[in-house]
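In: Okay, sequence plus prediction incoming.
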Amino acid sequence: MKITDPRGRSLLAAEYVLGTMTGRTRARFELWLRSDPGLRKEVAAWQERLEPLSATAAELVPSDRVWRGIAARIAARSAPRESWLGSLAFWRGSSFVSAIAAALMFGYIALTPRDHALTPDNAMVVVMADDQSKPAMTVAWTMQEQAKPRLRIRVIGHQQMDPGTSWELWMLPGEDQPPKSLGLITTHDTQYVEVPPEIKAKLDKAAGLAMSVEPERGSPTGLPTGPVLYSGKCLEI
Amino acid sequence: MMDAADSLDDLMARCALRDQRAFAELYRRSSGRLLAVAMRIVRRRDWAEDVLQESFVNIWNHVTDYSRAKSAPMTWMTAIVRNRALDWARRPKHETADEDLDGLIENWEDSTPGPAQRLVAAGEAGQLDDCLRQLSGQQRQSIALAYMHGLSHSELADHLGEPLGTIKTWIRRGLEKLRGCLEAGNAA
């Protein structure tokens, strides 16, 4: 997919709104939408353009059961404050749990006593999975205050980065706050990223992490601009 | 009390504050039109009502994000309903019989100027209608069938009896032309 060409972007947004973008492409586009405010605007513009076509059908009166069902369901849930994060795949319980289980199985979040930086009782672990819930990397850090906090990153399997691109790691603070860059990472099996203490304090309370594909020197805008390859929810263990 | 003069915007803002009465009023005012949107895509009344129900639960859960979307309430809600309906229609077990689609296509055939007039009749299509008139009949027909009835590229190809590539080209060119026309109109 061409993501930089404005005409191409507009056309993709149009086909998404029209509904002719289907299946896996549609799912990928939706993932990509979450991290690209410009693309969301493009989609909103097309929704606005085509919406008059929705007004051309005669109105129908829904049966009473529809509202009864809605009322019962919204009363049962006490004011859930879901953010745009809410619909990322990792939020859905079962796939998240299976991602954790798989990562544990492969030993990617083994926090052994030998790893002095990370003791099992005060660590935060993020299993980052692709849009099929397949674990692709893990990020872990200790919750204690440190002079030079750092994150340990393990990349699962041998992964390729496209030439001329970079991988940028993002903190997703939650509560609808914008993602915050944690820097560029590599495809190496094990690596460490240092973070300033004030960012580390926020990380301890973050909702999750995401990794996006960016131009060679990282996102030029301070926000994710490319597709989000992997994302995961923070889990204190 | 709910005032009849409350705009949909006001109702959305109150829903964001978890006002369930405002939500009931929002439903009362918009559900008729949104059910019609779902019905055209899933083509079965009980399915359309399920889609409507799911969509309104979704609207309630996400209404706090609404202001960021910077679109009109009806546009925002329509997008939620269409998305849900498209997901629904594309699950294999929900596919409708081909005769249904053929019926739809027949109604749209000979598409100049029939469908365009239908749009005018609704009185709301305005500039979009003017711009749709500038497309070729094939472009207009493909775009309208896809948007209004949720037909995919391959469904359009099957039922219009044209190769997939041709359908894709009609849609792509039609969309580009439409955007150009609408943007020119806005600038004027």
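Out: Done, it's in.
In: what stretches of chain A score poorly on pLDDT?
Out: Scanning chain A for pLDDT under 70 picks out the ranges A:1-4, A:76-122, A:176.
In: can you count the residues close to residue 178?
Out: As the question left the chain open, I've gone with chain A. Close neighbours of A:Pro178, defined as other Cβ atoms under 10 Å in any protein chain shown, add up to 13. Any C-beta I mention is one placed from the backbone N, CA and C, and that applies to glycine too.
In: wait, chain B
Out: When neighbours are defined as other Cβ under 10 Å, B:Leu178 has 22 of them.
In: just A:Leu184 next, same as before
Out: By the other Cβ under 10 Å criterion, the neighbourhood of A:Leu184 contains 15 residues.
In: and the helix or strand containing B:Gln53 with chain A, contact?
Out: Assigned by DSSP states H and E, B:Gln53 belongs to helix B:45-62. Yes: with Cβ under 8 Å from any Cβ of the partner chain as the criterion, chain A is reached by helix B:45-62 at B:48-49, B:52-53, B:56-57, B:60-62.
In: Which members of the residues you listed are classed as buried?
Out: Buried positions within these, assessed by neighbour count (16 or more other Cβ atoms under 10 Å in any protein chain shown), are B:48-49, B:52-53, B:56-57, B:60-62.
In: Now flag whichever of those residues is closest to B:Gly174.
Out: Proximity of those to B:Gly174, judged by Cβ to Cβ, is greatest for B:Ala48, which lies at 26.9 Å.
In: what about that closest one, distance to A:Ile199?
Out: Using Cβ to Cβ, to the nearest Å, B:Ala48 is found at 48 Å from A:Ile199.
In: One more: B:Glu183?
Out: According to Cβ to Cβ, B:Glu183 and A:Ile199 sit 41 Å apart.
In: the more surrounded of these two?
Out: In this comparison of B:Glu183 against A:Ile199, neighbours counted by other Cβ under 10 Å, the higher total goes to A:Ile199 at 17 against 13.
In: So that one sits against A:Ser181, correct?
Out: No: with contact defined as Cβ atoms under 8 Å, A:Ile199 and A:Ser181 do not form a contacting pair (9.5 Å).
In: Kindly point out which residues are neighbours of both of the two.
Out: Each of A:Met171 lies in contact with both A:Ile199 and A:Ser181 under the rule Cβ atoms under 8 Å, 6 or more residues apart in numbering or on different chains.
In: Now for A:Val228, how many residues are close by?
Out: One way to gauge burial is a neighbour count; for A:Val228, by other Cβ under 10 Å, it gives 24.
In: actually A:Ser231, not the one I typed
Out: Using other Cβ under 10 Å: A:Ser231 sits among 26 other residues.
In: so it touches A:Ala207, yeah?
Out: No: here A:Ser231 does not reach A:Ala207: they are 10.2 Å apart, not a contact under Cβ under 8 Å.
In: overlap in contacts of the two?
Out: With Cβ under 8 Å, 6+ apart applied, the overlap between the contact sets of A:Ser231 and A:Ala207 consists of A:Leu172.
In: So A:Tyr230, which state does it fall into?
Out: Secondary structure for A:Tyr230, judged by DSSP: H, G, I helix; E, B strand; the rest coil, is strand.
In: Okay then, goodbye and thanks.
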